[in-house]
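A.B. asks: What follows is a predicted protein model with its sequence.
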Amino acid sequence: MHGLKTTYRNRQKGKNTMEISKFFESGSSDWARYSEYKAMADDNGDIYITPAPDATFSLYNPLHVAPQMIEDALNIGRLMVVKTVHKRVVLGKIMRFAKSYGLLGFMAYLPLNRNYFQRENVYLVRTHIVDAERMPTKDYMALFLPFKKEPVKLDDLLPLRPAELTDRAISYDVVFSNAYSERLDWLTSYFEGLYTHFAASFYYGKTGDEYFNDECEDTIERFGNDGLAYCIRMRDGKPELRWDFNSLKLALETIYSFYITGESCPLRICKDCGKVFYSTSARAEFCQTKCRNRHNVEQYRKRLKDRIEESIKQETAKSVARKIQEQRQSVQKSPEESDGE
C-alpha cells in the first residue's frame, strides 16, 4: 500500500509540473533574436555580445522553449560558479544562448520610468550594470549601443519597426535592433546569480547544517522582480493569455519562479555530471542515459572495491588470529613436552 501511495504522489507531482508547462505554453509573448552573434571590444576594452553584421532578425515566443531556456541559463551560471572551464568555453555557451533566445533586454528591464525613451532622464535602481539612481537618457542608451557613434535614428536600426510588430513601446525598436549590445560581464554575473539562487533552493534542508540553511533561505528570499504584466487577447475566436514581459530577463525569471515554487520542481541536478536538467518525472536523477550508466558502473566498482577490501581485512584478521594462536600454543607447551625436548 505504501508503494501505491508513493507512486500516486509521484504521478500527481508530474501532473502538476505538466500543468505549469502547459500554463506557459498556452500563452504567448514575443522576443527578438538574430541568426548570429559576435563578441566585440569597445574603446575601453569591455567585451560586448552583439548581432553579427549580416545576421537575420526574427521574432519568436520564448514560452514555447521555456524548459530548455531555463536549463541553458542555469548551466551557464553553473560554469561560472564551479570555475572548471576556460573563459572561452563560457563565452561560447553565452553566444549559443543569444543565438537561441536573444539577449536579455537589460535596457528595457532596468528603468523605473517605462517611458524613459521620451524623457530627459532615466530613473533606476542601483545594480551591477548601472551604479546610479538617475542618468541622462542619451547616456543610458549609449551603454547598450557602444558601437554606434552617431545619434540614434530609429529608421537606421531596422527596416521594420519591431515595436509596431509586437505592440510595444518605441524603445523596443532599439532593444530589438542589430546595434543593441550587452556586456559579457553583465551576462555572466546574471547567470551566476541565477544558478546560485537555484542551488540554494535545491540544497536547502539537505545538509543538516543550520547556518547553511539560513544562508540559503536568505538567498532564496532576496530573489524577485517587479513589472510582471499580462493581458487577454482574442485569438482564433477564443481568449488567449498574453504575457507582457518587458524583457527576456523578466520572462526567464517568471518561468523559473513558477518552476521552483511548484509542488515538484522540474529542475534537478544530475547525480553524475552535476548539470541542471529539466524533467517532469519526480524520480529523475540523471540528465541522460550516459550519466546514469557511468554512475551505475562507478557505484558497482566502488561496491566491488569495498567488498575486496573487506575480504582482505577479514583474511588478514584470520591470518593474524592463526599466527597469535600458534604463538600462544608454542608458549603454553606442557612441562612434559618441555622436559622431553
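C.D. replies: Right, received. Where do you want to start? Residues are numbered from 1 along each chain as shown.

A.B. asks: a strand runs through Val122, doesn't it?
C.D. replies: Yes. According to DSSP: H, G, I helix; E, B strand; the rest coil, Val122 belongs to a strand.

A.B. asks: Neighbours of it, how many?
C.D. replies: By other Cβ atoms under 10 Å, the residues close to Val122 number 23. Just so you know, the C-beta spots here come from the backbone N, C-alpha and C atoms, and that holds for glycine as well.

A.B. asks: what's the spacing between it and Ala132?
C.D. replies: 9 Å (Cβ to Cβ, to the nearest Å).

A.B. asks: in its sheet, what does the helix or strand containing Met40 sit against?
C.D. replies: For Met40, the enclosing helix or strand under DSSP states H and E is strand 37-41. With DSSP bridges as the test, strand 37-41 is paired with strand 47-51 (antiparallel).

A.B. asks: Dump the C-alpha coordinates for the strand it pairs with into PDB.
C.D. replies: Provided in PDB are the C-alpha atoms of strand 47-51 (Å, rounded to 0.1, in the frame of the first residue of the first chain):
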ATOM      1  CA  ILE A  47      33.600  42.700 -24.300                       C
ATOM      2  CA  TYR A  48      30.000  43.000 -25.700                       C
ATOM      3  CA  ILE A  49      27.700  40.500 -27.300                       C
ATOM      4  CA  THR A  50      26.100  42.000 -30.300                       C
ATOM      5  CA  PRO A  51      24.300  40.700 -33.500                       C
END
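
A.B. asks: who does the next helix-or-strand element following it touch, helix- and strand-wise?
C.D. replies: Note on strand 47-51: by DSSP H and E, the next helix or strand toward the C-terminus is strand 57-60. Contacts defined by 3 or more Cβ pairs under 8 Å, 6 or more residues apart in numbering; DSSP states H and E place strand 57-60 against strand 31-34, helix 162-165.

A.B. asks: any idea which of these scores lowest on pLDDT?
C.D. replies: Here the lowest mean pLDDT among these goes to helix 162-165, at a mean of 58.

A.B. asks: what's the following helix or strand after it?
C.D. replies: Remark: after helix 162-165, the chain's next helix or strand is helix 172-175, criterion DSSP H and E.

A.B. asks: now that following helix: mean pLDDT?
C.D. replies: The pLDDT scores in helix 172-175 average 86.

A.B. asks: Mind listing what's buried along that helix?
C.D. replies: Judged by neighbour count (16 or more other Cβ atoms under 10 Å), helix 172-175 contains these buried residues: 172-175.

A.B. asks: just checking, Tyr259 touches Leu267?
C.D. replies: Yes. At 5.5 Å, Tyr259 counts as touching Leu267 under the criterion of Cβ atoms under 8 Å.

A.B. asks: any residues in contact with both of those two?
C.D. replies: Common neighbours of Tyr259 and Leu267, using Cβ atoms under 8 Å, 6 or more residues apart in numbering, are Ile70.

A.B. asks: sec struct for the residue nearest to the spatial centre of the chain, please.
C.D. replies: For the chain, Leu74 is the residue whose C-alpha lies nearest the centre (Cα atoms, centre = their mean; 1.2 Å). Assigned with three-state DSSP, Leu74 falls in the helix class.

A.B. asks: quick one: it from Ala39, how far?
C.D. replies: 22 Å.

A.B. asks: Now do the helices in the chain.
C.D. replies: Remark: helices assigned in the chain by DSSP state H are 2-25, 66-82, 87-101, 106-109, 137-144, 154-157, 162-165, 172-175, 184-203, 210-222, 248-261, 289-331, 335-340.

A.B. asks: average pLDDT across the strand holding Met40?
C.D. replies: 97.

A.B. asks: swap in stretch 131-149?
C.D. replies: For stretch 131-149, the mean per-residue pLDDT is 91.

A.B. asks: what's the answer for stretch 242-256, then?
C.D. replies: Average pLDDT, stretch 242-256: 87.

A.B. asks: Convert the C-alpha atoms of it to CSV, please.
C.D. replies: What follows is stretch 242-256 as a C-alpha-only set of coordinates in CSV (Å, rounded to 0.1, in the frame of the first residue of the first chain):
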residue,chain,number,x,y,z
ARG,A,242,-0.7,37.1,-23.4
TRP,A,243,2.3,37.8,-21.2
ASP,A,244,3.6,41.3,-21.4
PHE,A,245,7.2,40.7,-20.3
ASN,A,246,9.4,43.8,-20.6
SER,A,247,12.5,41.8,-21.3
LEU,A,248,13.7,38.2,-21.8
LYS,A,249,15.2,38.5,-18.3
LEU,A,250,11.7,39.0,-16.8
ALA,A,251,10.3,36.2,-18.9
LEU,A,252,13.1,33.8,-17.8
GLU,A,253,12.8,34.7,-14.1
THR,A,254,9.0,34.4,-14.1
ILE,A,255,9.0,30.9,-15.6
TYR,A,256,11.9,29.9,-13.3
